[in-house]
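[1] Structure, please.
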Amino acid sequence: MPPDLVVLFEHPEWQKPLWAALERRNVNYAKFDLKQAAFNPAAAPTAPLYFNQASPSAYVRGNTRAVPLCLSYLRTLELAGARVLNGSAAFSLELSKSAQAALKHKLGIPHPRTLAFNDIDAALDLWGDHFPALIKPEQGGSGARMFLVNNPAEARRLLREQPSLWFPDNLLLLQEYFPVDPANGIVRMEFLGGQLLYAMRVVSHGAFNLCPSEVCNPVSGEGHCEVKPAKPVEFYAYKQVPAQAVAYGQLIVQAGQLDVAGIEYLEAPDGRLIFYDVNANSNLRAPIARDYGGFDPFERVVDFLTQ
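    Reported below is the predicted structural model:
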């Protein structure tokens, strides 16, 4: 019997809560593992609905091939007339932090000054004396390969000593750095179907790995993330999230064609809300949803999928 839903994924541990929620509701679904896959571009879609749960961070787990196959498959499904949630437009946006910056500029949403480059000297000629700054990958994920540099010499030395930072796509960013109050951390808002699901504060103690998955950053015990923070990351429900922040998040979600999304911002020292990251693969955090509104976020996702 053909499935009603196909879920595209790469990290099985992240998906277990979704699998469990789908099975509790007796949803007829199939799993499409992007790590080892093949597809026929001429074949008709087998299901009326596809849900993309791939992550740009696949390469840090040795699954680099999953991303290009996923993007190609999404485009093929869409051309064949299938309904795809977090489809090729959303996934392309998540894969490109420079495109995210361009979208936020177009929407008038405060964001860090950003420069994409494939040559550090060309980048520094354009960047000027705006240091300290972050060097980060165009195709990000899980806070991997992000470094704070204090001057041009440090930037050049970093890329000379660690040429693997160009992996996987040979494109990097220089991005404006904003200090963050360590006690407050950053804010991550989760959206489902264009509406705020919940918001939380994430206190990372200076680390860049903010993955909300309980597999990577559990409530207690050691996580199993490939990008390990020095100290445990802390998560707190944030019920007082400003209406302006939610409105900005909704603009990004709508313009980016994101059905499910995690939008992150920080609070600059001058009080501005600076939006710096867009995530299409939302690793929802059940304890936060329970504290925020007394619900299971994965049940809400299943409600959305079945509707």
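[2] In what element of secondary structure is Ser72 found?
    helix 66-79 (DSSP states H and E).
[3] again, but for Arg157
    Following DSSP H and E, one finds Arg157 within helix 152-161.
[4] Check which helices and strands that helix is in contact with.
    If contacts are counted by 3 or more Cβ pairs under 8 Å, 6 or more residues apart in numbering; DSSP states H and E, helix 152-161 sits against helix 120-127, strand 133-137, strand 147-149. For glycine as for every other residue, the C-beta is placed from the backbone atoms N, C-alpha and C.
[5] residue ranges for the helices of this protein, please.
    For the chain, applying DSSP state H gives helices covering 12-24, 66-79, 88-95, 97-107, 120-127, 152-161, 243-255, 286-293, 297-306.
[6] Throw those into TSV and include mean neighbour count, thanks.
    Shown next, in TSV, are the helices of the chain (neighbours: other Cβ atoms under 10 Å):
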stretch	mean neighbour count
helix 12-24	16
helix 66-79	19
helix 88-95	22
helix 97-107	18
helix 120-127	15
helix 152-161	14
helix 243-255	17
helix 286-293	17
helix 297-306	19
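[7] do you know which of those helices lies nearest Leu174?
    helix 120-127 (5.3 Å; Cβ to Cβ).
[8] what's that closest one in contact with?
    The contact list for helix 120-127 (Cβ atoms under 8 Å, 6 or more residues apart in numbering) reads 115, 117, 133, 152, 155-156, 159, 172, 174.
[9] can you state the direction angle for it and helix 152-161?
    Per axes from the mean of the first three to the mean of the last three Cα atoms, to 10 degrees, the angle that helix 120-127 makes with helix 152-161 is 150 degrees.
[10] i'd like the first residue to be 4 from this point on
    Yes, from this point I'll number from 4; that puts the last item at helix 123-130.
[11] I'd like to check the angle between helix 123-130 and strand 136-140, please.
    For helix 123-130 against strand 136-140, the angle by the same axes, to 10 degrees is 130 degrees.
[12] Switch the helices of the chain over to a markdown table; also include mean pLDDT.
    Converted to a markdown table, these look like this (pLDDT from 0 to 100):
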| stretch | mean pLDDT |
| --- | --- |
| helix 15-27 | 96 |
| helix 69-82 | 98 |
| helix 91-98 | 97 |
| helix 100-110 | 98 |
| helix 123-130 | 98 |
| helix 155-164 | 98 |
| helix 246-258 | 98 |
| helix 289-296 | 97 |
| helix 300-309 | 98 |
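[13] Out of those, flag the one nearest Pro140.
    When these are compared by Cβ to Cβ, helix 100-110 sits nearest Pro140, at 7.6 Å.
[14] Output the helices and strands packed on helix 155-164 as JSON lines; include the columns distance to Gln253.
    Formatted as JSON lines, the helices and strands packed on helix 155-164 follow (distance: least, Cβ to Cβ, whole Å):
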{"stretch": "helix 123-130", "distance to Gln253": "32"}
{"stretch": "strand 136-140", "distance to Gln253": "25"}
{"stretch": "strand 150-152", "distance to Gln253": "31"}
